[in-house]
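> My questions are about this predicted structure, shown below with the sequence.
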Amino acid sequence: MAEPTGGGPSFGEVDDVEPNVEPNGSGERADAATRQRIPDRRTEPGPQVGAPLPRAVPVWLLLGVALGAVVLTLAAVFFAFRAFSPAAPTATVAGASVAAPPVATAVEPAATIAPAATAAPAAQPTSVARDTIQPAAAAAACTTSAGEAQALGQARRWSDAAAKLESTRAQCDVVGPLYDAYLNQARTLADDERGGEAITFFDKALQVKSGTEASNERGLAVAYQDGRAALDRGDWDAAIANLSRVQSANPNYARGNNALNLVNAYLGQGDALVAQSRCAEALSVFQRADVVKPNESAVTQRISSAQQCGRPTLVPAPPPPPIAAPPPPAPVFAAPVEPTVRAYYEALNSKRFGDAYSILSSPARASQSLASFAGRFDTNRGIGVRFIDGVSIQGSSAQLNAHTQTVTQNGTSVATSCSRVAWVLVLEGGQWRRDIRSESNNEFAERC
């Protein structure tokens with residue numbers, strides 16, 4: 001049998017060993033010899049039967065390392081994507097942003113998932129949702145406030161609507177509604193002939209927004225206020241200039257009272273021209289008044305008078321010289337009565353009761369004290385003359401109708417009423433004075 005050489009055969013190879021079988025029944029010795037030689041080969045270099053293999057790395061450790069590498073790679077990709085690309089949109093529910101739910105990945109063993117869970121950036125979408133919900137709540141509050149202000153405006157409670165909008169002006173865009181609230185409040189005051197207050201609220205509207213309507217209507221309120229003041233002091237040219245501007249822009253301004261005041265200004269100017277015997281000019285002024293208020297009795301009377309005034313008269317032949325006859329008395333020309341009436345009501349409107357008291361005749365003042373006279377007007381918030389008609393002058397007495405508008409206050413309620421007041425005047429010292437007969441049963445209610 002050939003002996004092994006070098007390192008010997010590899011594990012599992014079969015040697016070319018011929019069994020030592022001898023004839024004549026000597027097989028036992030041959031098997032023993034074979035067994036004796038096989039153990040000898042284990043001492044030779046090479047793998048040995050039954051020797052332990054090198055220690056292997058555990059499978060769970062390999063999986064953990066691999067999973068950690070995957071997690072780190074995904075995290076690096078995620079943060080790189082977030083850094084170089086816009087944030088993905090979040091889903092919205094009922095106007096508020098809501099973060100999408102994370103996708104769970106089942107990887108075993110569970111012990112390797114716990115470290116990765118601590119690095120999940122789930123808090124950021126929650127913060128974004130909360131920041132989006134807060135503006136949505138503020139917008140809802142603004143919508144509610146605007147709705148309440150609109151309801152107040154529909155009820156014509158403009159001051160309350162403006163106050164509601166002012167309270168949210170810092171948080172909400174209320175420029176348009178607040179401008180409209182102040183503008184409508186100013187218009188209401190202008191209709192009530194409360195010019196100073198109307199101008200104040202036109203200014204507030206212009207502070208909110210530079211609007212053409214507020215600017216133009218503020219100019220009309222100033223012109224009307226200046227025209228009324230000029231009318232009260234008898235400055236006919238200034239009164240006509242201001243009131244004509246308002247009339248051209250809005251014929252129904254101050255519920256039509258601007259037209260009445262303009263007519264009175266024309267009549268005052270015409271009367272002054274008649275007094276100067278400038279009848280043609282007076283007729284032209286009266287005709288302009290007739291255009292503003294056609295067929296008004298006070299206007300038609302003056303037109304007729306101016307036409308008669310302008311006609312030439314025949315000059316009679318001189319009479320024979322009288323024989324010791326005294327000269328006839330010179331005619332007395334009384335001043336127009338309208339300025340006296342307007343001055344009386346202007347003094348009452350300005351709470352100058354002493355000035356109004358002085359316009360009464362001597363018998364009227366003797367019948368009542370100044371305190372008693374003033375007490376009759378305690379509840380008045382304002383009074384003015386809308387127009388004057390029915391003027392009739394006969395010598396030292398005169399009659400007319402003063403159409404007035406009065407604003408009174410009882411407790412918290414304010415009421416506006418109109419009346420036709422019958423006046424009787426007498427001349428005292430060359431000045432018209434309101435006679436005592438006009439103090440009783442002389443007011444008749446009428447529509448404004």
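Looks like it came in fine. All of these numbers come straight from a predicted model, not from anything done at the bench.

> In this structure, mark out all the strands, start to finish.
Counting by DSSP state E, the chain has strands at residues 91-93, 96-98, 380-394, 397-410, 413-428, 431-434, 443-446.

> Of these, flag the one that's most buried.
Each of the strands of the chain was assessed for mean neighbour count using mean count of other C-beta atoms under 10 Å. The highest is strand 431-434, with a mean of 20. Quick note: C-beta positions are derived from backbone N, CA and C, even for glycine.

> Nearest to residue 256, out of the strands of the chain?
strand 380-394 (8.5 Å; C-beta to C-beta).

> With distance to residue 267 added, can I get the strands of the chain in JSON lines?
Listed next are these as JSON lines, based on distance: least, C-beta to C-beta, whole Å:
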{"stretch": "strand 91-93", "distance to residue 267": "72"}
{"stretch": "strand 96-98", "distance to residue 267": "71"}
{"stretch": "strand 380-394", "distance to residue 267": "8"}
{"stretch": "strand 397-410", "distance to residue 267": "11"}
{"stretch": "strand 413-428", "distance to residue 267": "16"}
{"stretch": "strand 431-434", "distance to residue 267": "16"}
{"stretch": "strand 443-446", "distance to residue 267": "20"}
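
> Where does the prediction get shaky in the chain?
For the chain, applying pLDDT under 70 flags the ranges 1-57, 84-134, 310-335, 436-440.

> Now do residue 265 against residue 286, distance only.
Between residue 265 and residue 286 the distance is 12 Å, computed by C-beta to C-beta, to the nearest Å.

> ok, now residue 143?
Residue 143 is 59 Å from residue 286, by C-beta to C-beta.

> okay, these two: which has more neighbours?
residue 286 (27 against 11; other C-beta atoms under 10 Å).

> is it true that that one touches residue 266?
Yes. The pair residue 286 / residue 266 is scored as a contact, 6.8 Å apart, by C-beta atoms under 8 Å.

> Residues that sit against both of these two, list them.
Residues touching both residue 286 and residue 266 (C-beta atoms under 8 Å, 6 or more residues apart in numbering): residue 299.

> where do the helices sit along the stretch 51-200 of the chain?
59-84, 114-117, 123-154, 158-167, 175-191, 195-208 (DSSP state H, counting those that start in this stretch).

> Mind putting the ones you listed into CSV with distance to residue 441?
Converted to CSV, the helices of the stretch 51-200 of the chain look like this (distance: least, C-beta to C-beta, whole Å):
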stretch, distance to residue 441
helix 59-84, 93
helix 114-117, 99
helix 123-154, 44
helix 158-167, 40
helix 175-191, 31
helix 195-208, 33
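
> Among those helices, single out whichever gets nearest to residue 423.
helix 195-208 (26.3 Å).

> In contact with the closest residue to residue 355 other than its chain neighbours: list those residues for me.
For residue 355, ignoring the flanking residues on the chain, the nearest one in space by C-beta to C-beta, 6 or more residues apart in numbering is residue 347 at 3.9 Å. When contacts are counted by C-beta under 8 Å, 6+ apart, residue 347 touches 353, 355-356, 359.

> Mark which of the residues you listed are buried, thanks.
Buried members of the contacts of residue 347, counted by 16 or more other C-beta atoms under 10 Å: 353, 356, 359.

> okay, those in CSV with distance to residue 207 next?
Shown next, in CSV, are these (distance: C-beta to C-beta, whole Å):
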residue, distance to residue 207
353, 37
356, 38
359, 42
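
> Which of the residues you listed sits closest to residue 83?
residue 353 (83.8 Å).

> Burial check on the closest residue to the closest one other than its chain neighbours, number of neighbours?
Spatial nearest neighbour of residue 353, excluding adjacent residues (C-beta to C-beta, 6+ apart): residue 374 at 3.9 Å. A count of nearby residues for residue 374, using other C-beta under 10 Å, gives 17.

> hang on, isn't residue 374 packed against residue 352?
No. Judged on C-beta under 8 Å, residue 374 makes no contact with residue 352 at a distance of 10.0 Å.

> circling back to that earlier point, right, so of the strands of the chain, which gets closest to residue 151?
strand 413-428 (22.4 Å).

> the inter-axis angle of the closest one versus strand 397-410?
Put simply, strand 413-428 runs at 160 degrees to strand 397-410, going by axes from the mean of the first three to the mean of the last three C-alpha atoms, to 10 degrees.

> name the helices or strands packed onto strand 413-428?
Applying 3 or more C-beta pairs under 8 Å, 6 or more residues apart in numbering; DSSP states H and E, one finds that strand 413-428 makes contact with strand 397-410, strand 431-434, strand 443-446.

> partners of the first one, with directions?
Think strand 397-410. Sheet pairing here is set by DSSP bridges, and for strand 397-410 it gives strand 380-394 (antiparallel), strand 413-428 (antiparallel).

> C-alpha coordinates for the longest one, CSV please?
It refers to strand 413-428. The C-alpha atoms that make up strand 413-428 are tabulated as CSV, following Å, rounded to 0.1, in the frame of the first residue of the first chain:
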residue,chain,number,x,y,z
SER,A,413,-85.3,110.6,22.3
VAL,A,414,-84.9,113.3,19.7
ALA,A,415,-87.7,114.5,17.5
THR,A,416,-87.9,116.8,14.5
SER,A,417,-91.0,118.8,13.7
CYS,A,418,-92.0,121.6,11.3
SER,A,419,-94.5,124.4,11.9
ARG,A,420,-96.0,127.4,10.2
VAL,A,421,-95.7,130.3,12.7
ALA,A,422,-97.9,133.4,12.1
TRP,A,423,-96.0,136.6,12.9
VAL,A,424,-97.4,140.1,13.6
LEU,A,425,-94.8,142.8,13.8
VAL,A,426,-94.8,146.5,14.7
LEU,A,427,-92.4,149.3,14.1
GLU,A,428,-90.7,150.7,17.2
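
> wait, isn't residue 261 in contact with residue 226?
No. Residue 261 is beyond contact range of residue 226, at 11.6 Å (criterion: C-beta under 8 Å).

> contacting residues around residue 161?
149-150, 152-153, 177, 181.

> quick one: the residue nearest to it when sequence neighbours are not counted and residue 297, what's the gap?
With C-beta to C-beta, 6+ apart as the criterion, residue 161 has its nearest non-adjacent residue at 3.9 Å, and that residue is residue 152. Using C-beta to C-beta, residue 152 is found at 44 Å from residue 297.
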